[in-house]
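Enquirer: Dropping a prediction and its sequence here:
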Amino acid sequence: MKTNQKLQYGWNILKIAIVMFILSPQVTMAQTTYKLASSKDNNIKVSGTSNVHDWTMTAKDLESTGTFKFNSREELIDLTSLKFTVVAKSLKSGKSSMDTRTYKSIRESEFPKISYQLTFATVTMIQANKYSIQTTGTLTIAGKTQSIAMKVMALVNADRSISCHGTEKLMLTDYGIEPPSFMLGAMKVGNDLTIQFDLTYGKTTLAK
């Protein structure tokens, strides 16, 4: 009888410990949905080379949302979803001939948007309010989707907005795109591209 009472007592203590752990401030999490803020500084740049000179195209017609998780100390601990789209025709180099040729190469009329979808992320705090986020997702260009891993640096600002920036390399041929040429072939674009992004997100709604 005493043994059963001891077992019951032990089980009750275990249940209390589990409840206290679940309710502990250290593990309490708030999930927040963010969307791309209205800022002229939000942009995605695509840079490359050619046999004549280097070049850069910048896009600012962007849409993006993400779901971030914070603990009770307002530390970022997870990124559970993120997606963005770029209007392909918003990519501008400052030279209309190059823009037109680029749109043709990426089949803009058939696939007017470039899109990204997060599949997994790992968040690491570097210092107060600064984080490194290792992401895996899918990038779709010209109708072809490829898996892509990117390191994103995130800063949680005083107003609780989140600024993200990063750089990643890719190849045109991975997306079935033949590197374009200009001026009757005198200028040939290289296959390697560098994608650089600077994006700031603001809160939308809090998930309960």
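Expert: Received the coordinates, thanks.
Enquirer: Please export the C-alpha coordinates of the helix or strand hosting residue 56 as PDB.
Expert: For residue 56, the host element (DSSP states H and E) is strand 55-59. What follows is strand 55-59, C-alpha atoms only, in PDB (Å, rounded to 0.1, in the frame of the first residue of the first chain):
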ATOM      1  CA  TRP A  55      26.700  44.700 -64.600                       C
ATOM      2  CA  THR A  56      23.900  45.000 -62.000                       C
ATOM      3  CA  MET A  57      20.100  44.900 -62.200                       C
ATOM      4  CA  THR A  58      17.900  46.000 -59.300                       C
ATOM      5  CA  ALA A  59      14.300  45.000 -58.600                       C
END
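Enquirer: Using neighbour counts, pick out the buried residues of it.
Expert: For strand 55-59, a neighbour-count test (16 or more other CB atoms under 10 Å) marks 55, 57, 59 as buried. In short, each C-beta sits where N, CA and C put it, glycine included.
Enquirer: Surely the first one touches residue 98?
Expert: Read it as residue 55. Yes: using CB atoms under 8 Å, residue 55 is in contact with residue 98, at 6.9 Å.
Enquirer: want to throw the buried residues of strand 55-59 into CSV with distance to residue 204 and pLDDT?
Expert: What follows is these, written out as CSV (distance: CB to CB, whole Å; pLDDT from 0 to 100):
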residue, distance to residue 204, pLDDT
55, 36, 91
57, 29, 96
59, 22, 94
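Enquirer: which of those lies closest to residue 40?
Expert: Among those, residue 59 lies closest to residue 40 (CB to CB), at 13.0 Å.
Enquirer: residue boundaries of the strands in the chain?
Expert: 29-36, 43-50, 55-59, 62-71, 76-87, 113-127, 130-141, 144-156, 162-171, 181-182, 187-207 (DSSP state E).
Enquirer: Would you mind pulling the contact partners of the strand holding residue 56?
Expert: Strand 55-59 is contacted by residues 43-49, 86-88, 90-93, 98-99, 102, 189 when judged by CB atoms under 8 Å, 6 or more residues apart in numbering.
Enquirer: make it 6 Å
Expert: By CB atoms under 6 Å, 6 or more residues apart in numbering, the list of residues contacting strand 55-59 from outside reads 43-48, 86, 90-91, 93.
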